[in-house]
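**Student:** The following comprises the amino acid sequence and a computationally predicted model.
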Amino acid sequence: MNVSKADLENFLKTPEAAELLKSYEIANPISQNYGTPAFVVNGKYQIIPSAINSPETLIEITKELSKQK
């Protein structure tokens, strides 16, 4: 990735990094249900890997789940 340790440490101090880590904390327990790859949408819907038979299917499922409240 060609990122220095200093660059990484500086990034980890940013609000963007805090937001990314927070989303990981939400998604991680959900993703443990089916292992990897795990696709979590909106922090609450996990796409079952066996339901994905093409990139287009993944895109369509993701779009539909992102509309859910």
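**Tutor:** Cool, got the structure. Numbering: from 1, shown residues only.
**Student:** Now do the SS call for the residue most central in space within the chain.
**Tutor:** The chain has residue 40 as the residue nearest its centroid, 5.5 Å off, counting by CA atoms, centre = their mean. Recorded secondary structure, residue 40: strand (DSSP: H, G, I helix; E, B strand; the rest coil).
**Student:** List of residues touching the lowest-mean-pLDDT helix or strand in the chain?
**Tutor:** Lowest on mean pLDDT, DSSP states H and E among the helices and strands of the chain sits helix 15-31, with a mean of 79. Applying CB atoms under 8 Å, 6 or more residues apart in numbering, the external contacts of helix 15-31 come out as 11, 38, 40, 43, 44, 46. In this view, the C-beta of every residue, glycine as well, is placed from N, C-alpha and C.
**Student:** Quickly name whichever of those residues is closest to residue 69.
**Tutor:** For residue 69, the closest of the contacts of helix 15-31 turns out to be residue 44, at 9.9 Å, with distances computed as CB to CB.
**Student:** ok, the closest one to residue 52 distance?
**Tutor:** 18 Å (CB to CB, to the nearest Å).
**Student:** Check residue 41 too.
**Tutor:** Counting by CB to CB - residue 41 and residue 52 are separated by 13 Å.
**Student:** Ok, residue 22 next?
**Tutor:** 26 Å.
**Student:** more crowded one of those two?
**Tutor:** Just comparing residue 22 and residue 52: by other CB atoms under 10 Å the higher neighbour count belongs to residue 52, 17 against 11.
**Student:** so for the helix or strand residue 6 falls within, what's the average pLDDT?
**Tutor:** Here residue 6 is covered by helix 5-11, with elements defined by DSSP states H and E. The predicted model gives helix 5-11 an average pLDDT of 93.
**Student:** outside of it, which residues touch it?
**Tutor:** When contacts are taken as CB under 8 Å, 6+ apart, the neighbours of helix 5-11 outside the stretch itself are residue 17.
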